[in-house]
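K.L.:
Curious how this folds, go ahead:
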Amino acid sequence: MTHLRNGGDLVVESLATLGARCVFGLPGQHALGLFDALRRSDLRYVGLRVENNAGFAADGYARTAGTVAPLFLSTGPGALTSLAALQEAAAASVPVLAVSSQIPSAGLGGRRRGYLHELVDQQASFRDVVKSVHTARTPAQIPSALAAAWESALSAPYGPVWVEIPQDVLLAPVTVPPVTGLRAEPRPPVPRPELIAEAAVLLAEAERPVILAGGGVVRASASDELLRLAELLRAPVACTFGAKGAFPWEHPLSLRSWLEDRHTTDLLEDADVLLVVGSGLGELSSNYHTMAPRGRIIQIEADAGKLEANHPAFGIHADARLALAALSDSVPAAVPDGRAEAVTAELLKRVQERIDGQGLELEQDLLASVRHALPDDSPVFFDMTILGYWAWSAFDARRPGAMHSAQGAGGLGYGYPSALGAAVATDGRPVLAVSGDGGAMYSLAELATARQLGLNVTWLIIDDGGYGILREYMTGAFGEATATELARPDFVRLAESFGVPAAMTTPDDLARDLAAALAAPGPNVLVLPALLRMFAPTHLDG
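P.N.:
Numbers count the residues shown, from 1 in each chain. Sure, this is the predicted structure:
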């Protein structure tokens, strides 16, 4: 019997034509037409056990593959469960394309006809989270809605988008030819020549230029352009937590990522011209809004809404790569005199002295062990756990896009499912996830996903008996912690019950055990009992 194509086929055909290679998600009653169409598609389906984890997996795939990640969801509870993941994608500018089913068309418009999963306005729950909302009320509207959503997801600023299709539209028979001619053509914002010319003059005349590189540098693949401009200007470069790997960690001009350190804040404030590229100077990038630059700020930002959002600046609405390339072609090379390198070395020395005075050898050694064990071409995904907070400042990512965390929205449970999504994009290269025991509890069901799909993800769970970072915050603020201590399972035996190899490790053995786990095929779990501490904050000084 020849299958009569339907709206679900139009969805998968459209996504494949736009460039999708896989789909993440969970099936549900209203979305069955969508998932059935996958059988007749070359798209790879990656099914997770919880919708929020599916959203995080799509996020990890999109960051690693550098393209849009489709996410299939069902109506009502299934869709709503993905909200936290979509908020992280929005905060971190990650192009996730969520396709959700809806109740049958007869129940739309607030008619309250009592359909399963019925919401008066499902879109309203997502409109303030995602970048754009698209609907298809007939089969003919599906390809255009998906093309518009795909283009929106990849237009500056990148971000998650939402497409909603009623159940009956997904099941409606169609007789049009298979979708083949669909196109989406996002255009990066081009810098205006007069702005580049003026910025070049300001930078050429600066005596103490400093560059702060944000996540927009990574998203625009602008690391080479950043390096060239920094070397022309002899300007020290600091990277925000979202720009890990954008500038070589060991370069003589690298200030690294110590943005939560007052010494770095002081240096940024003292620059007579501070070039901010791909950052809105938000809370973390400005040391909790304590940074008050005294010089001129030049801000290059693809997201027009972030221009001058926190500080007055000479704003250039542009793609980071295009703007940095244009500046490099416009500024004269500074005469090397060693001053910038000396300033950089002195800054890093003062930061290290501050850290060394706090008795934090264990934390530094653990981070060094992770760096030693992790292959340079393998990405790592940190959950909101103390070692992840350390990694923001102190981890050498080695290359752009090699370190990720949930620091955009700050939700728990990101590390493991996002690493699973990344593993789909890495063609067999190992991926590392790092969670605390509290964050790990959000994702335990995905051990079944890792085992079923044979994904090469090693999960390092640091077991400190509770929500460690909240314990630190509450103890520091109130003298004692409340609601932070947790009962938890035997993680090793639990992982083994899923058929996933697991072992306990120690700080002394971590580098060896982690390297072995990463070298083994398929999923692995390592559990490290350790009570970690954060370095003292500097934004509260004075």
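K.L.:
Give me the buried positions along the helix or strand of the chain with the lowest mean pLDDT.
P.N.:
Every helix and strand of the chain was ranked by mean pLDDT, DSSP states H and E. The lowest is helix 468-478, at a mean of 91. Within helix 468-478, the residues that qualify as buried are Gly468, Ile469, Leu470, Arg471, Glu472, Met474, counting by 16 or more other Cβ atoms under 10 Å. For every residue, glycine as well, the C-beta is placed using N, CA and C.
K.L.:
Could you do stretch 217-234 as well?
P.N.:
217-220, 222-223, 225-234.
K.L.:
so which pair among these is furthest apart in space?
P.N.:
In the buried residues of stretch 217-234, two members sit farther apart than any others by Cβ to Cβ. They are Arg219 and Arg234, at 26.3 Å.
K.L.:
so how many other residues sit close to Leu86?
P.N.:
29 (other Cβ atoms under 10 Å).
K.L.:
For it, what are phi and psi?
P.N.:
Torsion angles at Leu86 (phi, psi; degrees, to the nearest 10) stand at phi -70, psi -30.
K.L.:
Tell me who's in contact with it.
P.N.:
Gly55, Val96, Ala98, Phe126, Val129, Val130, Pro160, Trp162 (Cβ atoms under 8 Å, 6 or more residues apart in numbering).
K.L.:
where's it relative to Val129, distance?
P.N.:
Counting by Cβ to Cβ, to the nearest Å, the gap from Leu86 to Val129 is 5 Å.
K.L.:
tell me, what's touching these two both at once?
P.N.:
Shared contacts of Leu86 and Val129, counting by Cβ under 8 Å, 6+ apart, come down to Pro160.
K.L.:
among the buried residues of stretch 217-234, which are in helices?
P.N.:
By the criterion of DSSP state H, membership of those in helices covers 217-219, 223, 225-233.
K.L.:
which one of those residues sits closest to Gly436?
P.N.:
Val218 (25.3 Å).
K.L.:
about what we covered before: need the contact partners of the least confident helix or strand of the chain.
P.N.:
For helix 468-478, using Cβ under 8 Å, 6+ apart, the contacting residues are 384-386, 389, 436, 438, 462, 464, 480-482, 484-485, 531-534.
K.L.:
Mind pulling up the pLDDT for Leu540?
P.N.:
Per-residue pLDDT puts Leu540 at 82.
K.L.:
Count the neighbours of it for me.
P.N.:
10.
K.L.:
what about it, is that helix, strand or coil?
P.N.:
coil (DSSP: H, G, I helix; E, B strand; the rest coil).
K.L.:
where's it relative to Ala477, distance?
P.N.:
10 Å.
K.L.:
unless I'm mixing things up, Asp513 is touching Thr505, no?
P.N.:
Yes - using Cβ atoms under 8 Å, Asp513 is in contact with Thr505, at 4.3 Å.
K.L.:
what bits of this structure have low per-residue confidence?
P.N.:
The chain contains residues with pLDDT under 70 at 1-3, 107, 110-111, 541-542.
K.L.:
Work out the gap between whichever helix or strand Ala503 is part of and the centre of the chain.
P.N.:
For Ala503, the host element (DSSP states H and E) is strand 502-504. Centroid separation for strand 502-504 versus its chain: 28 Å, with Cα atoms, centre = their mean, to the nearest Å.
K.L.:
sorry, back to before: nearest to Ala422, of the buried residues of stretch 217-234?
P.N.:
For these, the nearest to Ala422 is Val218 (14.6 Å; Cβ to Cβ).
K.L.:
what about the strands in the stretch 351-500 of the chain?
P.N.:
All strands of the stretch 351-500 of the chain, identified by DSSP state E, counting those that start in this stretch, fall at 380-382, 403-405, 431-436, 457-463.
K.L.:
Appreciated, that's everything.
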